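Novice: missing the sequence, but the structure's below:
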């Protein structure tokens, strides 16, 4: 009897572990595939995943379920025994992760072209700040946000990081449009459109963060304007609120040489901006530093040490003659640096395709080395590294199972892309915003075959032109 027990127990264990193979049934993995269903299937085309191995699937497919990427691979692998509610044929196209704009001021789309060919301080103090004081209201912000959202969606941007006033209204319009955003309410040490004092701005910001936290599309953030427009005490208060609410912090840092010189000359600082922020305990892995043009090796090391994300805005920096950020050095040290357009008032568009092209070429000519910032690296900064800059790399930035289904389909048959040899070269050096055909955010199609599904383009243009008349009138009264 004892011998029988000894023989039976291992057999039972073996049957429990491998019952299907023992009984001659199909393996469990095949049974799962046989019963697989999805909400959306993108089939055909070249799928550029931007995963850790930079996998590219020729004649690939992506299955989406419950707003997430469920499966990606070759057409044969993904579609085997698959049933799907909706299918998009992407044959002849390129399927990419949604582009990530890591820095902008989206309502400033309404100020596009009002003041150009000026240095930053003159542009800000003589034109932008006065124009904002006379025109910015919540209604203005909503109109400008819709204009900017429509432009970004048309260009394949699915996530953007913003800093402006009435950010609660921006979050509302962004959510309605079905777009993803890290949206920072501006905190600055002088009266502005939505809040007249620091105390009002902090109270507004806390209400705003609590309202939108845990939203599937909106990440509410705090946005102290810059170290030179927000006092040390107020920066520390922002850091404390970030610690309390776990909200990201968006801030301009070292955009111009003047900013650095002023910081070094300031009796209360006598440090470069990044060094100063480290000294006051402001740096953190929730921080997103916009521009970081004039930073040295020590400051690059500090960004890396504290896990700070950086937003590189090459076209805005060139247009304002702000300088050239040390991107090759930042990439060499694996800093989380993404690409941003800045606001349309200083760019003057919101095309991430132009930022990719400019970033790759600018650093080649500036360094004298044609090998720096390759096409693949530029595309990486617009996708997965940009996601890292926003501290969202676990959710977006690549087409991988479990991540949010933020996906863009790009036509690869246009004249400017023919003939086709290398996918990264085509995407960075040849593709234009107009080549984007379909945009999907969180598994929902928000543009299909160039048709916006969540925004009314005609109404947006009409409202923008009405504001143009108001802005012209306000500027003429100076």
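Specialist: That came through, no problem. This is a predicted model, so every value here is computed, not measured.
Novice: and residue 71, helix, strand or coil?
Specialist: Each residue gets one of three states, and residue 71 gets strand by DSSP: H, G, I helix; E, B strand; the rest coil.
Novice: give the contact list for it.
Specialist: 36, 38, 61-63, 77-78, 401 (C-beta atoms under 8 Å, 6 or more residues apart in numbering). All C-beta atoms are positioned from the backbone trio N, CA, C, and that covers glycine.
Novice: got it, and residue 288?
Specialist: With C-beta under 8 Å, 6+ apart as the criterion, the residues that contact residue 288 are 102-103, 161, 182, 221, 248-251, 308-311, 389-391.
Novice: one more time with 7 Å
Specialist: Residues touching residue 288, when contacts are defined by C-beta atoms under 7 Å, 6 or more residues apart in numbering, comprise 102, 161, 248-250, 309, 311, 389-390.
Novice: Residue 423 now?
Specialist: Residue 423 makes contact with 46, 48, 56, 94, according to C-beta under 7 Å, 6+ apart.
Novice: Please list only the buried members of these.
Specialist: Buried positions within the contacts of residue 423, assessed by neighbour count (16 or more other C-beta atoms under 10 Å), are 46, 48, 94.
Novice: picking that back up, can you add distance to residue 441 and secondary structure and give the contacts of residue 423 back as CSV?
Specialist: Listed next are these as CSV, based on distance: C-beta to C-beta, whole Å; DSSP: H, G, I helix; E, B strand; the rest coil:
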residue, distance to residue 441, secondary structure
46, 21, strand
48, 18, strand
56, 22, strand
94, 18, strand
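Novice: Identify the bridge partners of the nearest residue to residue 330 once chain neighbours are set aside.
Specialist: Among residues not flanking residue 330 along the chain, residue 337 sits closest, at 5.0 Å (C-beta to C-beta, 6 or more residues apart in numbering). Counting by DSSP bridges, residue 337 is bridged to residue 310.
Novice: what stretches of the chain score poorly on pLDDT?
Specialist: Within the chain, the stretches with pLDDT under 70 are 1-35, 477-478.
Novice: which of the residues in the longest helix along it are buried?
Specialist: If each helix of the chain is counted by residues according to DSSP state H, the longest one is helix 457-476. Within helix 457-476, the residues scored as buried using 16+ other C-beta under 10 Å are 460, 463-464, 467, 471.
Novice: elements contacting that helix?
Specialist: With contacts defined as 3 or more C-beta pairs under 7 Å, 6 or more residues apart in numbering; DSSP states H and E, helix 457-476 has these neighbours: helix 129-135, helix 138-154.
Novice: helix or strand for the residue minimising distance to the centre of the chain, which one?
Specialist: Closest to where the C-alpha atoms of the chain average out (C-alpha atoms, centre = their mean) is residue 100, at 2.8 Å. Following DSSP states H and E, one finds residue 100 within strand 99-104.
Novice: that older thread, in the contacts of residue 288, find the pair that's most separated.
Specialist: Pairwise distances among these were taken by C-beta to C-beta; the largest, 13.7 Å, belongs to 102 and 249.
Novice: Throw the contacts of residue 423 into TSV and include distance to residue 332, thanks.
Specialist: Converted to TSV, the contacts of residue 423 look like this (distance: C-beta to C-beta, whole Å):
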residue	distance to residue 332
46	29
48	24
56	25
94	28
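Novice: Let me see the residues that make contact with stretch 106-122.
Specialist: 123, 127-128, 131, 140-141, 143-145, 147-149, 151, 160, 162, 164, 170, 255-256, 258, 320-322, 343-345, 348, 464, 467, 471, 475.
Novice: That one: which residues count as buried?
Specialist: Of the residues in stretch 106-122, those buried under the neighbour-count criterion (16+ other C-beta under 10 Å) are 106-112, 114-115, 118, 120.
Novice: tell me the two of those that are most distant?
Specialist: Across those, the two lying at the largest distance from each other (C-beta to C-beta) are 106 and 118, at 21.5 Å.
Novice: Narrow the contacts of stretch 106-122 to those that are buried.
Specialist: Neighbour-count burial (16+ other C-beta under 10 Å) applied to the contacts of stretch 106-122 gives 123, 127-128, 131, 140-141, 143-145, 147-149, 151, 160, 162, 164, 170, 255-256, 320, 322, 343-345, 348, 464, 467, 471.
Novice: For the spatially closest residue to residue 145 that is not a sequence neighbour, give me its contacts.
Specialist: Distances taken as C-beta to C-beta, 6+ apart place residue 173 nearest to residue 145, at 4.4 Å, with adjacent residues excluded. With contacts defined as C-beta under 7 Å, 6+ apart, the neighbours of residue 173 are 142, 145-146, 149.
Novice: what angle sits between the longest helix of the chain and helix 138-154?
Specialist: 130 degrees (axes from the mean of the first three to the mean of the last three C-alpha atoms, to 10 degrees).
Novice: Wait, residue 420 touches residue 413, no?
Specialist: No. Taking contact to mean C-beta atoms under 7 Å, the distance of 8.6 Å between residue 420 and residue 413 leaves them out of contact.
Novice: Have a look at these two and say which one is more surrounded.
Specialist: Taking residue 420 and residue 413 together and counting by other C-beta atoms under 10 Å, residue 420 has the greater number of neighbours (14 against 11).
Novice: which ones are touching the more buried one?
Specialist: 412, 426.
Novice: how about the helices in the stretch 251-400 of the chain?
Specialist: With DSSP state H, counting those that start in this stretch as the criterion, the stretch 251-400 of the chain has helices at 257-265, 273-279, 297-306, 314-319, 327-332, 352-367, 375-381, 384-389.
Novice: out of those, deepest packed?
Specialist: For these, the largest average neighbour count (mean count of other C-beta atoms under 10 Å) is found in helix 384-389, namely a mean of 28.
Novice: after that helix, next one along is what?
Specialist: Remark: after helix 384-389, the chain's next helix or strand is strand 407-411, criterion DSSP H and E.
Novice: now for that following strand, which elements pack on it?
Specialist: Checked by 3+ C-beta pairs under 7 Å, 6+ apart, strand 407-411 has strand 93-97, strand 436-441 packed alongside it.
Novice: Name the strands paired with the longest one and say parallel or antiparallel.
Specialist: Strands flanking strand 436-441 in the sheet, each with its direction: strand 407-411 (antiparallel), strand 444-448 (antiparallel) (DSSP bridges).
Novice: Over to residue 42: give its phi and psi.
Specialist: Here the main-chain torsion angles of residue 42 (degrees, to the nearest 10) amount to phi -110, psi 120.
Novice: Need the distance between the two termini of stretch 91-100.
Specialist: Across its full length, stretch 91-100 reaches 24 Å end to end, with C-alpha to C-alpha, to the nearest Å as the criterion.
Novice: Tell me how many other residues crowd residue 339.
Specialist: The number of residues packed around residue 339, counting by other C-beta under 10 Å, is 30.
Novice: Revised request: answer the last question for residue 425.
Specialist: For residue 425, the count of nearby residues is 17 (other C-beta under 10 Å).
Novice: List the contacts of the residue nearest to it when sequence neighbours are not counted.
Specialist: For residue 425, ignoring the flanking residues on the chain, the nearest one in space by C-beta to C-beta, 6+ apart is residue 375 at 5.0 Å. Residue 375 sits next to 360, 424-425, 428-429 when contact means C-beta under 7 Å, 6+ apart.
Novice: rewinding a little: how about residues contacting the longest helix of the chain?
Specialist: Residues lying outside helix 457-476 but in contact with it, judged by C-beta under 7 Å, 6+ apart, are 110, 114, 131, 134-135, 140, 143, 146-147, 150.
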